[in-house]
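**Student:** Following is a predicted model, sequence given first.
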Amino acid sequence: MSTLSIVATPIGNLEDITLRALKVLASSDLVLCEDTRMTKRLFDRHNISVPTKSYHMHSKISRVEEIIGLLKDGKNISLVSDAGTPGISDPGAELVSRIRRDCVSEILSGEIKIEAIPGPSALTGALSVAGVPCADFTFLGFLPHKKGRETLFKEITISERTMVFYESPHRIMKTLDSLVEHLSGANNSEDVLLKKVTVCRELTKIFEEIIGGSAKEVKNYFEIHPDKVRGEFVVIVSKE
Ligand code: SAM
């Protein structure tokens, strides 16, 4: 029997990894990494030494076939991304989908198993500290840069549900501008709190910060502190 383990890794703090993840990684025949150099930092921190190979969004079909071949040969393989849970705005889903499609009989017979080794994700980390309604929510991944962007902002504005998305430091101010435009009062002059915006920055890292308020308040904060327009961001728009 062989196993493909989809392993969640830290989103900043290298200690945020489960005991099971460490055990599975250390006993893998091969670990597929989005970037082998990033994973090496994690492995060095936890004294893991196993063969690694890259698997990323540009990996060719031949890499997928190679992985399927190794699984059929009985190898135990793990998949990690640079940070967090593979498949969540990261490579992984296509590989798993292809294996589920191409190895139906092996999966049914138990020869090949695909297992989740859950752990950190910026998505759940952000929701856990934002203090917003999250019994249900919509995750948008990264917003499109052009096509469909305006439509999404309109959806975010009218949605009854908490909306969550990832944002980069290069685009966070532009996104906050759009949120102000869509979420502030009719003439955009009053700071009307129609929706709450929460920006979770650098979760689990030294400069972790949660900033919440109206779209205008959050935007003003980053205008006053331009040094904080860096790092990694999760943006949450909610009713309260
Ligand atoms: N698979 C990852 C996960 O499970 O969270 C997400 C990978 S996605 C390519 C990277 C984005 O996740 C970043 O641009 C940022 O929006 C968010 N992110 C990752 N780490 C973060 C952190 N420590 N703090 C805030 N956001 C983070």
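**Tutor:** All right, it came through fine. Numbers count the residues shown, from 1 in each chain.

**Student:** Give the burial count for whichever residue of the chain sits closest to the ligand, as a bare number.
**Tutor:** Minimum separation of the chain from the ligand (C-beta to the nearest ligand atom) falls at G84, amounting to 2.4 Å. From N, CA and C alone the C-beta is placed, and that goes for glycine too. The burial count assigned to G84 is 24, neighbours taken as other C-beta atoms under 10 Å.

**Student:** and it, bridged to which residues?
**Tutor:** Residues in a beta bridge with G84, per DSSP bridges, are T9.

**Student:** Now do the same contact list for it.
**Tutor:** Shown in contact with G84 (C-beta atoms under 8 Å, 6 or more residues apart in numbering): 8-11, 90, 120-123.

**Student:** and the ligand, which of the residues you listed contact it?
**Tutor:** 11, 90, 121-123 (C-beta under 6 Å from any ligand atom).

**Student:** that older thread, need the worst-confidence member of the contacts of G84.
**Tutor:** Within those, pLDDT reaches its minimum at D90, with 95.

**Student:** just checking, that residue touches E34?
**Tutor:** Yes: D90 lies in contact with E34 (C-beta atoms under 8 Å); the separation is 6.6 Å.

**Student:** tell me, what's touching the two both at once?
**Tutor:** Joint contacts of D90 and E34 (C-beta under 8 Å, 6+ apart) are 81-82.

**Student:** returning to what we had before: could you identify which of the contacts of G84 has the most neighbours?
**Tutor:** Going by other C-beta under 10 Å, T9 tops those with 26 neighbours.

**Student:** Enumerate every residue touching that one.
**Tutor:** So T9 contacts 17, 21, 39, 42, 80-81, 83-84, 119-120 (C-beta under 8 Å, 6+ apart).

**Student:** got it, and D136?
**Tutor:** D136 makes contacts with 161-162, as judged by C-beta under 8 Å, 6+ apart.

**Student:** And it, how far from S238?
**Tutor:** D136 sits 11 Å away from S238, taking C-beta to C-beta, to the nearest Å as the criterion.

**Student:** Give the residues shared as contacts by the two.
**Tutor:** Counting by C-beta under 8 Å, 6+ apart, the residues touching both D136 and S238 are T162.

**Student:** Share the number of residues neighbouring S128, please.
**Tutor:** Residues within reach of S128, counting by other C-beta under 10 Å, total 11.

**Student:** tell me what the helix or strand where it lies is packed against?
**Tutor:** Here S128, judged by DSSP states H and E, is contained in helix 122-130. Secondary-structure packing of helix 122-130 (3 or more C-beta pairs under 8 Å, 6 or more residues apart in numbering; DSSP states H and E): strand 162-167, strand 196-201, strand 209-213, strand 233-238.

**Student:** near the ligand, which residues of this protein show up?
**Tutor:** Proximity of the chain to the ligand is confined to 11-12, 81, 83-85, 88-90, 121-123, 166-168, 200, 202-205, 232-234 under the rule C-beta under 6 Å from any ligand atom.

**Student:** mind redoing it with 5 Å?
**Tutor:** Residues of the chain lying near the ligand by C-beta under 5 Å from any ligand atom: 11-12, 84-85, 88-90, 121-122, 166, 203, 232, 234.

**Student:** I117 is in contact with R20, correct?
**Tutor:** Yes: using C-beta under 8 Å, R20 makes contact with I117 at a distance of 5.8 Å.
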